[in-house]
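Chemist: Turn this into a model:
(chains A, B, C and D, ligands or ions: 4)
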There are 4 protein chains.
Amino acid sequence: MTTAVLRLDTVDDFRLRAEATLTAAVRDFVAGGSDSETTLAANRAALDRVTIVPRVLTGGPDPEPGATLAGARSALPLAVAPMAYQRLLHPEGELATARAAAAAGVPFVVSTLSSVPVGELAAAGGEQWFQLYWLNDDRDTMNLVHRAEDAGCRVLMVTVDVPVMGRRLRDIRNEFVLPAEVRAANVASGAMSAAHDRADAGSALIAHTNRAFHPALTWAHLEALRSRTTLPIVVKGILDPADARRAAEIGATGVVISNHGGRQLDGAPASVTMLPAAVAAVPDTCQVFVDSGIRSGTDILRALALGAHGVLIGRPMLWGLAAGGETGAAGVLAVLDAELRAAMRLAGCADVAAARRLTATTGC
Amino acid sequence: MTTAVLRLDTVDDFRLRAEATLTAAVRDFVAGGSDSETTLAANRAALDRVTIVPRVLTGGPDPEPGATLAGARSALPLAVAPMAYQRLLHPEGELATARAAAAAGVPFVVSTLSSVPVGELAAAGGEQWFQLYWLNDDRDTMNLVHRAEDAGCRVLMVTVDVPVMGRRLRDIRNEFVLPAEVRAANVASGAMSAAHDRADAGSALIAHTNRAFHPALTWAHLEALRSRTTLPIVVKGILDPADARRAAEIGATGVVISNHGGRQLDGAPASVTMLPAAVAAVPDTCQVFVDSGIRSGTDILRALALGAHGVLIGRPMLWGLAAGGETGAAGVLAVLDAELRAAMRLAGCADVAAARRLTATTGC
Amino acid sequence: MTTAVLRLDTVDDFRLRAEATLTAAVRDFVAGGSDSETTLAANRAALDRVTIVPRVLTGGPDPEPGATLAGARSALPLAVAPMAYQRLLHPEGELATARAAAAAGVPFVVSTLSSVPVGELAAAGGEQWFQLYWLNDDRDTMNLVHRAEDAGCRVLMVTVDVPVMGRRLRDIRNEFVLPAEVRAANVASGAMSAAHDRADAGSALIAHTNRAFHPALTWAHLEALRSRTTLPIVVKGILDPADARRAAEIGATGVVISNHGGRQLDGAPASVTMLPAAVAAVPDTCQVFVDSGIRSGTDILRALALGAHGVLIGRPMLWGLAAGGETGAAGVLAVLDAELRAAMRLAGCADVAAARRLTATTGC
Amino acid sequence: MTTAVLRLDTVDDFRLRAEATLTAAVRDFVAGGSDSETTLAANRAALDRVTIVPRVLTGGPDPEPGATLAGARSALPLAVAPMAYQRLLHPEGELATARAAAAAGVPFVVSTLSSVPVGELAAAGGEQWFQLYWLNDDRDTMNLVHRAEDAGCRVLMVTVDVPVMGRRLRDIRNEFVLPAEVRAANVASGAMSAAHDRADAGSALIAHTNRAFHPALTWAHLEALRSRTTLPIVVKGILDPADARRAAEIGATGVVISNHGGRQLDGAPASVTMLPAAVAAVPDTCQVFVDSGIRSGTDILRALALGAHGVLIGRPMLWGLAAGGETGAAGVLAVLDAELRAAMRLAGCADVAAARRLTATTGC
Ligand SMILES: Cc1cc2nc3c(=O)[nH]c(=O)nc-3n(C[C@H](O)[C@H](O)[C@H](O)COP(=O)(O)O)c2cc1C
Ligand SMILES: Cc1cc2nc3c(=O)[nH]c(=O)nc-3n(C[C@H](O)[C@H](O)[C@H](O)COP(=O)(O)O)c2cc1C
Ligand SMILES: Cc1cc2nc3c(=O)[nH]c(=O)nc-3n(C[C@H](O)[C@H](O)[C@H](O)COP(=O)(O)O)c2cc1C
Ligand SMILES: Cc1cc2nc3c(=O)[nH]c(=O)nc-3n(C[C@H](O)[C@H](O)[C@H](O)COP(=O)(O)O)c2cc1C
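Modeler: Ligands and ions are numbered 1, 2, ... in the order given. Next comes the predicted model:
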């Protein structure tokens, strides 16, 4: 499969181009974090402090950045992070992002709050995973899972860090409301409809998402799910190594060390600072992914060198999407691909396994 | 009891609204610290560096932020810090703040230098504690204690970090003087009257407070007090863990790890950096509170995760008071309540005990 | 002895007032450091990072800041640092500064490069010490020592960190030259005369000081001096703890841990960061002083809490002198006195010995 | 040999003068680093954090900064780093820089990409080394080596950190192209010719250098080279101590701990932070050099104190060259010489061996 690709030099170039076209409210919805955005800033600062010690004279020439992620082969050690309501950024929404991912040979994670129904996204081709927000109603939840299975999603990524939405002050101050044409297409129309009404005050999205999601999940829910689907499960939104170990113990194929891009608990540590302990805590049978703040191929190499098996790419994909639809999303993946290959070669890694053996420090 | 509540999004919004209405001299009196304000700045920087590692899938849904503070139940793990001369901020002064505290179900600490007499504040209802500045004259001091007992104050909070007032340069440069209508209503009119006279140079308040307070307290004073009242005693203004232990040994119900909001010894450490050592130093029978720089529910959770049983809220209450009298003070408590509940839920804590078991780091 | 005192609130106020009156070249000569001024900045940053943990309920009331320095009693744990050419700042030069020191009851250290002859300074009264730069000619050097002895100087402070002057770029760029009326009054007129001539390029002072001073001193010189005077010797300009120990071993009464105010080796550590190791390295018979960057009573307390017996005050005295002659110099000492007393009381120290037992950290 | 010398006070003065004369594209080509220039900035930040503890009373007077580098005597513990295309900076290019190095008595390292043929540079006199980029064609590579041997180069410096060029965004954005008159004079004209063509997008230099260089070197290449030349080999571009040890084991005379001035792997650590571990990892028979960010005599002393035998000076030489041709390059060396002598004297080191025994810290 081939796709046109918008060529810019860095993820930041995509961000700039995207932000020039977006309304302030959508720009903020994408870029913002919770409360005082301490964790949002910490994600970037922590990555900048990570140093990778390159090796020399290791041969080559072409590093192979491919990886096995949750059991299937990916062209790069990354997946596109699940992100809600992508039609906010571009009329084609998730369809465009998913096509770009398919063309690049990397998994696309469909959000529960996708603005294109999971069934329609199959048309985009490629490897797709489904991200599950457990809804208040258990039957609705299992309906979602079955719809994802039917659509051919191969992995279930269960997000566990949203018992309630983070207080995103930008959205609250913007009184952010979804436009009528952008809907949570996988969710029964009643459940999320209030996300479109101007609330008394603050963000309609926060208020109504809180109403739709299950606020009191336990490990028992996860175990129950484990027995009700044959899909591999990846648990997203873990920071404490003990939680990573527990997820592995109940059979998770992977965990995502994540603070949700700084959008949930403000004051949580940068996810890369928790990564090494998580890697040490889980058995080899459980893969460790990381996200939050990854913006370049060097960042991906930093994550690998700290022990990750792969990363999720969040906001950069939305900036690509806003900057050029499918070609923009493809452009972001092309930048990351080029940067990662260059960084791997400069660090002397033939492949992801070698990258995971590099010496890296998280700074002091 | 119900109260109208001014709804703003963050404590900082209250500060901005307050500072727009205050004279520069009062704004500075509230916001300022001593000397070069190193400790004032360190309080905030240290809190920003504290990270909390959230737990997932712990169930819920509604976290219970209630706490037992010095033996009685509080709706939140916080008390309103003792603060002098609140009628500087609003004509109703302490009466408004105390009413807001009562409505929120949290203790209000009446300052020795309250501008409303402690006897009149009982009308505000709710749990009240009395903060004691030991006066030069022992009989005056015991009079204060008895008046507090009579007014129904349930706890005596003895402030031990003001042998002399800190050199608050803003007040000195503003030649800060109390207006005639704002008086230390609990103190014999002679003792503090000079606080109203323009001094030769510098802050009248500093000069005359220094004259009224006992400058040479010892542990023996505290032991004597212990035998002359039946009220539980909380010792406020400790930073060294050995002092915390000693307070516990002579029967203190609690200690407040505090640098007085950066207003006393400049160069003292941020109080949260001393918190873990203090918690380790005292037996379980003595509660550890902390204040200085707490500005959000996340900050409260940081303090709990570092081992505190509760916090005192200082300046934010004054900003609320200035912004809207009782409704403003109530608004600040409502923000802290909402933020704390959200943070607890995002961190996976069902209650304060769980919050105290979280992993937190004070940064490097 | 009484003296008029210019009352300002902080040392920085004296600096601002002084700098408003000085030429750019003299202002830079005083304020500047060597090369890229890394060490100059590090001095301040390191002091700001030092935290002092106060003690409470230690009684009082009036802390006693007096100290025994090199065997004699001083009203404060400080001496006025030796500084060259003080008539650059004020027509009375060292006479004014020495009078202010005498009035305050603290030692004044006369520089080898004093612009008032050491013999004339005796008239100022008070305790005086003589700072020795070893000159190229040994006989000239011993002449200096004898003149200091005759003038009643009680201590010899031998500066060992100027084998050559630091590259002070400000002076070089300003092509700094001493005006005709400001001369090194203790030094044979030939030796330093070139300091007054415009050099080919750069600072006349540097070029010609380098010519006058002995560039190759050894410990043997110090031992020889030891046997040729009965005055106690304090060795100034040590940073390595091994050098401090060696000075003590050959009988030094004290050492000054100092980087010369950031004016000599750029890249040297802040002197307070070397202080604890130096204190640990020397026996109790040798006192440890520190200077470089001390600007407040809190800074003095920081130094004491890190183990110093006393500090030297450099530039602040020159700013005081420029701001108001003797009354200005007295004003600086009055600020430091007031600040130190307040800080000691707030930290709960009755005296310098108690201050030296406080817990202090140098930060990370 | 004597040479005229342009006298400025610091390397930064040369940079400013140079940058005032250069086109933006050439200025950026020289100053820039790869990707987000994190490593470029880290080099400087790490050096600024290194503190050197001076020793006193060590005698003197004149420190001897001479060093034996790769077996021959150098007037200073430094060599001029290999840098490509110096005719971009000045019509005489490498000839001028090499003459300045010869006059100063320090080795000049001829780049593979020299814009003056290595054979013609012999005329500049002095000690010359040849830096080898292994070309795609092994015969071309050995031709280069033989040409260097014939020209009298005494040492072979094999650069191993360029399997591919770093992504230098400034060059990419400037669409940097070599002007027709500046050519890689040592390389067969075909190999590098494309460096002169405007590429589709981005830096022609990067694209075409990547085509010319061997992308897959191994330790076996180095061993093979070892047996095909009698010249001592220095391996340039190592950061991992294990690689330093391995280089020593296969007979390298020296290693250069280097991140190529922040131009290759962005995210690599500052080279001085890796220096102590490298020094500890190799036997005494292998010298350890360091480069990347050295800008002053103090920086050289920092490197020595951390264990280096010498440093390479990169960009400063180009700024000198641009500022004044041979006299400018000589001026930069004169500044470094003066600064190093002053710093050694102030630190109390008689020679390089003493400098290597100083206590230095890399900060936290
Ligand atoms: C606009 C937006 C929407 C998101 N929606 C979801 C979602 O529906 N489900 C989910 O698990 N995570 C969601 N996330 C979190 C991402 O999956 C991911 O954890 C985060 O964006 C990673 O950080 P980064 O954006 O800094 O790369 C969303 C993030 C953003 C920015
Ligand atoms: C204006 C003002 C007045 C205060 N008055 C008192 C007082 O009368 N007694 C006392 O113990 N502490 C007093 N404090 C200190 C507070 O009780 C508390 O320790 C401090 O404000 C906590 O820091 P924060 O303001 O950053 O929350 C005062 C603080 C402020 C800002
Ligand atoms: C203008 C000036 C002149 C100085 N002259 C001398 C001197 O003659 N002899 C000496 O030992 N130190 C001299 N010093 C260094 C001081 O004694 C002292 O070590 C230094 O100023 C302390 O740092 P501070 O200025 O930051 O307090 C001088 C310092 C300054 C600023
Ligand atoms: C413009 C430029 C060209 C360079 N060319 C080469 C080269 O041809 N071969 C090489 O090994 N290193 C090359 N380098 C790297 C230098 O040898 C050296 O490692 C680096 O410049 C040291 O950092 P500094 O410039 O901060 O001193 C070059 C560096 C620059 C700035």
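Chemist: Without its sequence neighbours, what residue ends up closest to the residue of chain A positioned farthest from its centre?
Modeler: Distance from the C-alpha centroid of chain A, by C-alpha atoms, centre = their mean, peaks at residue A:57 (34.7 Å). Spatial nearest neighbour of residue A:57, chain neighbours left out: residue D:219 (4.9 Å); criterion: C-beta to C-beta, 6 or more residues apart in numbering or on different chains. Bear in mind the C-beta positions are built from the backbone N, C-alpha and C, glycine included.
Chemist: Test my guess that the residue farthest from the centre of chain A contacts residue D:225.
Modeler: No - Residue A:57 is beyond contact range of residue D:225, at 11.3 Å (criterion: C-beta atoms under 8 Å).
Chemist: on that earlier part again, and the residue nearest to residue A:57, what does it touch?
Modeler: A:57, D:246, D:250 (C-beta atoms under 8 Å, 6 or more residues apart in numbering or on different chains).
Chemist: hmm, 10 Å instead?
Modeler: Residue D:219 is in contact with A:56, A:57, A:58, A:59, D:160, D:235, D:243, D:246, D:247, D:249, D:250, counting by C-beta atoms under 10 Å, 6 or more residues apart in numbering or on different chains.
Chemist: so how far is ligand 3 from it?
Modeler: Residue D:219 sits 53 Å away from ligand 3, taking C-beta to the nearest ligand atom, to the nearest Å as the criterion.
Chemist: hmm, stretch A:119-130 touching ligand 1?
Modeler: No - judged by C-beta under 6 Å from any ligand atom, stretch A:119-130 stays clear of ligand 1, getting no closer than 10.6 Å.
Chemist: correct me, but the residue farthest from the centre of chain A touches residue D:221?
Modeler: Yes - contact criterion C-beta atoms under 10 Å: residue A:57 and residue D:221 qualify, at 7.2 Å.
Chemist: For the two, list the residues in contact with both.
Modeler: D:158, D:160.
Chemist: Chain neighbours aside, what residue packs nearest to residue A:172?
Modeler: residue A:202 (4.1 Å).
Chemist: okay, now the one you found: neighbour count?
Modeler: 19 (other C-beta atoms under 10 Å in any protein chain shown).
Chemist: Do I have it right that it meets residue A:208?
Modeler: No - counting by C-beta under 10 Å, residue A:202 stays clear of residue A:208, with 11.1 Å between them.
Chemist: how about the nearest residue to residue A:174 once chain neighbours are set aside, what does it touch?
Modeler: Ranked by C-beta to C-beta, 6+ apart and with sequence neighbours excluded, the top spatial neighbour of residue A:174 is residue A:25, at 4.5 Å. Counting by C-beta under 10 Å, 6+ apart, residue A:25 touches A:88, A:170, A:171, A:173, A:174, A:175, A:176, A:177, A:179, A:203.
Chemist: let's see it at 8 Å
Modeler: By C-beta under 8 Å, 6+ apart, the neighbours of residue A:25 are A:171, A:174, A:176.
Chemist: Contacts only, for the second one.
Modeler: Just to be clear, that refers to residue A:174. So residue A:174 contacts A:24, A:25, A:28, A:29, A:203 (C-beta under 8 Å, 6+ apart).
Chemist: ranges for the strands of the stretch 251-364 of chain A?
Modeler: A:254-257, A:287-290, A:310-313, A:359-361 (DSSP state E, counting those that start in this stretch).
Chemist: Low-confidence regions, the stretch 1-150 of chain A specifically.
Modeler: Filtered on pLDDT under 70, the stretch 1-150 of chain A yields the residue ranges A:1-2.
Chemist: Get me the contact residues on it for chain C.
Modeler: By C-beta under 8 Å from any C-beta of the partner chain, no residue of the stretch 1-150 of chain A approaches chain C.
Chemist: could you show me where the helices are in the stretch 1-150 of chain A, in order?
Modeler: A:11-21, A:24-31, A:38-49, A:94-104, A:118-121, A:138-150 (DSSP state H, counting those that start in this stretch).
Chemist: Deepest in the core, which of those helices is it.
Modeler: Mean neighbour count (mean count of other C-beta atoms under 10 Å in any protein chain shown) peaks for helix A:94-104 among those, with a mean of 27.
Chemist: Compute the distance between the nearest residue to residue A:288 once chain neighbours are set aside and chain C, please.
Modeler: The spatial neighbour of residue A:288 that comes closest, neighbours along the chain excluded (C-beta to C-beta, 6+ apart), is residue A:279 at 5.1 Å. Distance of residue A:279 to chain C, computed by C-beta to the nearest C-beta, to the nearest Å: 26 Å.
Chemist: Quick check, pLDDT for residue A:279.
Modeler: With respect to pLDDT, residue A:279 scores 98.
Chemist: right, and it touches residue A:308 too?
Modeler: Yes - the pair residue A:279 and residue A:308 passes the contact test of C-beta under 8 Å, sitting 7.2 Å apart.
Chemist: neighbour-wise, which of the two wins?
Modeler: The residue with more neighbours, out of residue A:279 and residue A:308, is residue A:308; 29 against 22, by other C-beta under 10 Å.
Chemist: For that one, which residues are in contact?
Modeler: By C-beta under 8 Å, 6+ apart, the neighbours of residue A:308 are A:77, A:257, A:275, A:279, A:288, A:289, A:290, A:356.
Chemist: swap the cut-off to 10 Å and go again
Modeler: A:77-78, A:256-257, A:271-272, A:275-276, A:278-279, A:287-291, A:294, A:300, A:302, A:352, A:355-356.
Chemist: go on, residue A:289?
Modeler: A:69-70, A:77-79, A:81, A:157, A:234-236, A:238, A:254-258, A:271, A:275, A:278, A:303, A:308-312.
Chemist: what residues does chain A put near ligand 1?
Modeler: A:29-30, A:81-84, A:111, A:113, A:131, A:159, A:236, A:258, A:260-261, A:291-294, A:312-315.
Chemist: residues of stretch A:65-78 that come out buried?
Modeler: Residues of stretch A:65-78 classed as buried: A:65, A:67, A:69, A:70, A:74, A:75, A:76, A:77, A:78 (neighbour count, 16 or more other C-beta atoms under 10 Å in any protein chain shown).
Chemist: how deep is residue A:123 tucked in, by neighbour count?
Modeler: Neighbour number of residue A:123 under other C-beta under 10 Å is 12.
Chemist: same check, this time on residue A:23
Modeler: With other C-beta under 10 Å as criterion, residue A:23 counts 11.
Chemist: So residue A:33 sits against residue A:170, correct?
Modeler: Yes - under the criterion of C-beta under 10 Å, residue A:33 makes contact with residue A:170 at 8.4 Å.
Chemist: Have a look at these two and say which one is more surrounded.
Modeler: Set residue A:33 next to residue A:170 and count neighbours by other C-beta under 10 Å: residue A:33 wins out with 25 against 19.
Chemist: on that earlier part again, give me the distance between the residue nearest to residue A:288 and ligand 2.
Modeler: In terms of C-beta to the nearest ligand atom, residue A:279 sits 39 Å off from ligand 2.
Chemist: follow-up on the earlier one: mind checking how far the residue nearest to residue A:174 is from chain D?
Modeler: Relative to chain D, and taking C-beta to the nearest C-beta, residue A:25 is found at 29 Å.
Chemist: Now the closest residue to residue A:145 other than its chain neighbours, what are its backbone angles?
Modeler: With C-beta to C-beta, 6+ apart as the criterion, residue A:145 has its nearest non-adjacent residue at 5.6 Å, and that residue is residue A:229. Phi and psi for residue A:229, reported as degrees, to the nearest 10, are phi -140, psi 150.
Chemist: and what of residue A:286?
Modeler: phi -110, psi 120.
Chemist: my guess is it contacts residue A:256, does it?
Modeler: No - between residue A:286 and residue A:256 there is no contact under C-beta under 10 Å: 11.3 Å.
Chemist: In terms of neighbours, single out the busier of those two.
Modeler: Remark: of residue A:286 and residue A:256, residue A:256 carries more neighbours, 34 against 22, as counted by other C-beta under 10 Å.
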